[in-house]
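Engineer: sharing a sequence plus its predicted fold:
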Amino acid sequence: MTFLPEELLADQIATIIGDVRHVAVGNASPIPAAAALLARERGKLQGTGRPYVSLLGSSQHTFWTDGGRELFDCAGQGRIDVFFLSGGQIDGEGNINLVEIGDHAHPKVRFPGSYGSAHLYYVVPKVILFRTEHSRRTLVPRVDFISAAGRSAPNVHRTGGPVALITNRCLFSFADGRFTLKSVHPGHTVEEVIEHTGFDFDRPAQVPETPAPTGETLALLRDKVAPQLEAVYPQFVAKVFGRRESALSA
Amino acid sequence: MTFLPEELLADQIATIIGDVRHVAVGNASPIPAAAALLARERGKLQGTGRPYVSLLGSSQHTFWTDGGRELFDCAGQGRIDVFFLSGGQIDGEGNINLVEIGDHAHPKVRFPGSYGSAHLYYVVPKVILFRTEHSRRTLVPRVDFISAAGRSAPNVHRTGGPVALITNRCLFSFADGRFTLKSVHPGHTVEEVIEHTGFDFDRPAQVPETPAPTGETLALLRDKVAPQLEAVYPQFVAKVFGRRESALSA
Amino acid sequence: MTLQTLDEAIATITDGCMLIVPREVCGVPMAATRALIRRGVKSLHLVALPTSSLQADLLIGAGCVATLETSAVSLGELGPAPRFTAAVLSGAIRMKDATCPALHAALQAAEKGVPFMPLRGLIGSDVLKYRDDWKVIDSPFGESDPIVLLPAINPDVALFHAPLADEHGNVWIGRQRELVTMAHAAKRTIVTVETIEKRNLLDDPIYAAGTLPGFYVDAIAVAENGAWPLPLPDRYRADVEHLAMYAKMATSEAGFGEYLARHVYAEQPLSASS
Amino acid sequence: MTLQTLDEAIATITDGCMLIVPREVCGVPMAATRALIRRGVKSLHLVALPTSSLQADLLIGAGCVATLETSAVSLGELGPAPRFTAAVLSGAIRMKDATCPALHAALQAAEKGVPFMPLRGLIGSDVLKYRDDWKVIDSPFGESDPIVLLPAINPDVALFHAPLADEHGNVWIGRQRELVTMAHAAKRTIVTVETIEKRNLLDDPIYAAGTLPGFYVDAIAVAENGAWPLPLPDRYRADVEHLAMYAKMATSEAGFGEYLARHVYAEQPLSASS
């Protein structure tokens, strides 16, 4: 069955999410949102009823009633199992930069800001890094500004951190301060990943291809997830599930 | 015009309250509640609209919507100008004891506990101590347990504290860690106050008699305050403003 | 959310656990309290946020409590709480005296996942003196500015009674927002309610404003008149006659025993109208 | 509570004051923001709790802001906030970069009248490194357990837009509870509302649960469509077309000037329907 890169990524992310209690997804993240809803549909099929999915941009898929601090308090309580972050830059130690490029006193580029990353990255057990521009501009040897650090000294309280980085080209896992290439998406190669990645990473002798989503997964995405996603991301749903156009490189 | 001791006390307390923004009154405090409502009626007459009065036992006279912590947060913000406290024991330095009598390891008497006193006494600018049993049992040289201290070292953050102690016999003011006898209620004497007070206090050569409430004040209490108080303290209102019986010694 | 019977819902309140319950005007889970006593729970570390009345007195008198952490226990206008007073004087329970905002702040620390919360006041009081677990530091933002730090209270179970839940496990708590903080801070939250409605409270913005999301709620049981003889805000008042009877009976151990036999161990607790 | 005109209500937002405003989905006071720009307020210390979009961009572009304290400014799916970006790069504003929960916690410190609040995370980040006003201490409850302390944020004025107030000055804020924290923390609170109803919101327990008591509110003005072109929760959505136009115009200073002339300085701001 044919599928779009968005569907491949959502499938992979849903698998990384796994069987957890609560996945929260930030604003403007349609693919992670699709993945979280897919994980929930899988949970329904398996009879677990998990995970809860909070789409922060949605009033329908959100359970918050204690104001803007509740997400962070909830994460601090250990009740958020999975969250998604990105970065203007991401480096090989898992540091992310959401603030600026260049010298801090005179930056050349300014991004919006760190949002909640400087807290959530430390207390959410599975943070999935998501960046669909896989290039030496975004995946760098060392970020110019650390919005949130990929790892901490042993005495620093830390119950969370990055577990994976998924891009338009491949999937990395993250452990002990380093990324490992897990699989390369169909149509991409290991050499291409090396060429476009600014940081060192580990890889097995044979890097598998990221498996295509099964027919069952595609049916769940198209029949169950897309209708729920539509209220929050109408343009994304129209494009991917309607016109079946990808915004990502093939 | 004849009046009851309760009316005298409410009048005196309302005068100590003065022109402030917010008076909060704890549970089971009908005379302070009457005084706070009297202060509000006076504010209405003077066109200030002040003070807000929060009767903590009442759903009608309370503005809280943020749960039980709001009173304390509000006081911490400096928004509560007057509060009332009492004590199983009160000593000459303004320390109050709401916990126990005797040795801490083996107390002889146990009171309910400190409630919010260990915080409110420090942050509410005018705390009025109120105790209608004026005896050497209650007004002691040194409390057995300090629920809240009457004064603090100069470097301790303190924006509040006791300003007065009113009893069934007299009115003391409090400043610089000592009480001063301000007036003795009609029917009582300075000698009697000395006899029944366990702590040292200052007093002027001539101690005035506590002035009787004016006709205007009595009218406000009976016509305006009593009806508002009735929902919260029905038995008190029936007794004092209905049957005109005092629960205090004359 | 699976609806449970009262006894099922409280099954996870095990001997020795830290149980937090609300003050009298917030929805005290009295039906659940009687069920706990019937089941014979032991050695509770009971936290009453920030005070208690009948509930703590009953649990203490019935021998369920090892440690009590609160700011005050009293029957209000009906006088002292007799079993609490007796237990403190005899040393039968370990008392952790607090002050109201300290308990609220320590719960908020747990709510935020931080190890402590600062609080003004307290310095110079014996409340602080007898709390080895509270620390005084010099505020790093002042000069010689001592301030008390309170360790987070992380209860095992929060237990309260509310007017209403929906079929998704969302619970309407209205203005009683300490119930939200309790649920956020506790590892498990058990709620009894007057009624369960077939709706989603979160779909209605007016109700949602006073709703604890079901995500925080581990068990719900229906207990009509579940706060009786204490009041439930905006629903029913205290049963003052019954409370006066309790205050009188509980002054002696024998009278308290008789109260337990009649009103707790009897299989059907009396309802408010009986 | 005396009802005021918009210009009267914002009169106490003076040059140089610390002004706190809410994030996009909470009721951003856009009508009041335009009135502030028309009045020419200067040198604000603007705190956006915890992020901002059009509002911060407009105030910065119009030269009203000296210091900005927030966790992010962006126009969301419409891209970067152009005037914010330009001002940071040119050094026209002083930036105090934060992270969302740090701003919430620092507000809660002010709400509780304590000088600081602890927060997990942050250690090892440059957000912490560039905040000289944040301190790291060893938690006295751990062993070698560093934790960040954030000083309280005590704003001079909190300003927000809400759906509804009553004639007593009580404001219905629903689930947007950071508005409550803002009002508690600020010295003055100024609110614009869609409408004022002749009732007492506190008399209805369902509404009361989502109500900020009038005691905290210093001024109220009616501003219909007062969040436009931003959304007001449960009332109206964002005017995406208008925002897209802004995003385009604001990429250049000239375009931004034209936007100001047309949509801010023009005496009657356009309504959502125009």
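Structural biologist: Structure's in. What do you need?
Engineer: and stretch A:232-250, C-alpha only, in PDB?
Structural biologist: Coordinates of the C-alpha atoms in stretch A:232-250 are reproduced here as PDB (Å, rounded to 0.1, in the frame of the first residue of the first chain):
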ATOM      1  CA  VAL A 232      -7.100  21.100  15.300                       C
ATOM      2  CA  TYR A 233      -5.100  20.800  12.000                       C
ATOM      3  CA  PRO A 234      -7.600  21.200   9.200                       C
ATOM      4  CA  GLN A 235      -5.000  22.200   6.600                       C
ATOM      5  CA  PHE A 236      -2.700  19.300   7.400                       C
ATOM      6  CA  VAL A 237      -5.600  16.800   7.300                       C
ATOM      7  CA  ALA A 238      -6.800  18.200   4.000                       C
ATOM      8  CA  LYS A 239      -3.400  18.000   2.500                       C
ATOM      9  CA  VAL A 240      -2.100  14.700   3.800                       C
ATOM     10  CA  PHE A 241      -5.300  12.700   4.100                       C
ATOM     11  CA  GLY A 242      -7.400  14.500   1.500                       C
ATOM     12  CA  ARG A 243      -5.200  15.500  -1.400                       C
ATOM     13  CA  ARG A 244      -2.500  13.000  -0.300                       C
ATOM     14  CA  GLU A 245       0.300  15.500  -0.700                       C
ATOM     15  CA  SER A 246       3.400  15.500   1.400                       C
ATOM     16  CA  ALA A 247       5.100  18.600   2.800                       C
ATOM     17  CA  LEU A 248       8.300  16.600   3.300                       C
ATOM     18  CA  SER A 249      11.000  15.500   1.000                       C
ATOM     19  CA  ALA A 250      10.100  12.000  -0.300                       C
END
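Engineer: what does that stretch rub up against?
Structural biologist: Residues outside stretch A:232-250 that contact it (C-beta atoms under 8 Å, 6 or more residues apart in numbering or on different chains) are A:4-7, A:9, A:30, A:33, A:55, A:57-58, A:60-61, A:132, A:168, A:187, A:221-222, A:226, A:229-230. (Glycine included, C-beta is placed from N, CA and C.)
Engineer: and it, which residues are buried?
Structural biologist: Neighbour-count burial for stretch A:232-250, with 16 or more other C-beta atoms under 10 Å in any protein chain shown as criterion, is recorded at A:Val232, A:Tyr233, A:Phe236, A:Val237, A:Lys239, A:Val240, A:Phe241, A:Leu248.
Engineer: likewise for stretch C:132-146?
Structural biologist: By neighbour count, with 16+ other C-beta under 10 Å as the criterion, the buried positions of stretch C:132-146 are C:Trp134, C:Lys135, C:Ile137, C:Ser139, C:Phe141, C:Pro146.
Engineer: show me those that map onto strands.
Structural biologist: Those of these mapping onto strands are C:Lys135, C:Ile137, C:Pro146, per DSSP state E.
Engineer: export these as JSON lines, with columns for pLDDT and distance to D:Pro213.
Structural biologist: Rendered in JSON lines, the data for these read as follows (pLDDT from 0 to 100; distance: C-beta to C-beta, whole Å):
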{"residue": "C:Lys135", "pLDDT": "98", "distance to D:Pro213": "34"}
{"residue": "C:Ile137", "pLDDT": "98", "distance to D:Pro213": "34"}
{"residue": "C:Pro146", "pLDDT": "98", "distance to D:Pro213": "33"}
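Engineer: picking that back up, from the buried residues of stretch C:132-146, pick the one nearest A:Val143.
Structural biologist: Proximity of these to A:Val143 was ranked by C-beta to C-beta; the top entry is C:Phe141 with 30.1 Å.
Engineer: mind listing what that closest one touches?
Structural biologist: For C:Phe141, the contacting residues are D:Pro115, D:Phe116, D:Lys135, D:Leu149, D:Pro151, by C-beta under 8 Å, 6+ apart.
Engineer: low-confidence stretches in chain A?
Structural biologist: When the per-residue scores of chain A are filtered using pLDDT under 70, the ranges that remain are A:59-60, A:249-250.
Engineer: and if you look at the stretch 51-200 of chain C?
Structural biologist: Where the stretch 51-200 of chain C is concerned, nothing drops into low confidence, which here means pLDDT under 70.
Engineer: what residues does it put near chain A?
Structural biologist: On the criterion C-beta under 8 Å from any C-beta of the partner chain, chain A has as its neighbours in the stretch 51-200 of chain C the residues C:Ala110, C:Glu111, C:Lys112, C:Gly113, C:Val114, C:Val180, C:His184, C:Ala185.
Engineer: which of those fall in strands?
Structural biologist: Using DSSP E to define strands, no part of these is located there.
Engineer: okay, among these, which ones form the most distant pair?
Structural biologist: Farthest apart among these - using C-beta to C-beta - are C:Val114 and C:Val180, which lie 17.4 Å from each other.
Engineer: which ones are touching residue 229?
Structural biologist: Because you didn't say which chain, this covers chain A. Taking C-beta under 8 Å, 6+ apart as the definition of contact, the neighbours of A:Leu229 are A:Pro30, A:Ala33, A:Ala34, A:Leu37, A:Phe236, A:Val237.
Engineer: meant chain C, my bad for not saying
Structural biologist: Applying C-beta under 8 Å, 6+ apart as the definition, the contact partners of C:Pro229 turn out to be C:Met30, C:Leu54, C:Ala238, C:Asp239, C:His242, C:Leu243, C:Tyr246, C:Ala272.
Engineer: spatially nearest residue to it (excluding sequence neighbours)?
Structural biologist: Leaving aside its chain neighbours, C:Pro229 sits nearest to C:Asp239 (3.6 Å; criterion: C-beta to C-beta, 6 or more residues apart in numbering or on different chains).
Engineer: burial count for that neighbour?
Structural biologist: 20 (other C-beta atoms under 10 Å in any protein chain shown).
Engineer: which stretches of chain A form helices?
Structural biologist: Along chain A, the segments classed as helices by DSSP state H run A:5-17, A:30-46, A:70-76, A:117-123, A:190-196, A:215-219, A:226-230, A:234-237.
Engineer: for B:Phe111, which of those is the nearest?
Structural biologist: Across these, the minimum distance to B:Phe111, taken as C-beta to C-beta, is reached by helix A:70-76, at 35.4 Å.
Engineer: what packs against the closest one?
Structural biologist: Under the contact definition 3 or more C-beta pairs under 8 Å, 6 or more residues apart in numbering or on different chains; DSSP states H and E, helix A:70-76 sits against strand A:22-25, helix A:117-123, helix C:100-112, helix D:100-112.
Engineer: what residues does stretch C:248-264 touch?
Structural biologist: Contact partners of stretch C:248-264, identified using C-beta under 8 Å, 6+ apart, comprise C:34, C:37-38, C:57-58, C:61-62, C:81-83, C:86, C:245-246, C:269-270.
Engineer: among those, which one has the most neighbours?
Structural biologist: Of all the contacts of stretch C:248-264, C:Ala81 has the most neighbours under the rule other C-beta under 10 Å, reaching 30 neighbours.
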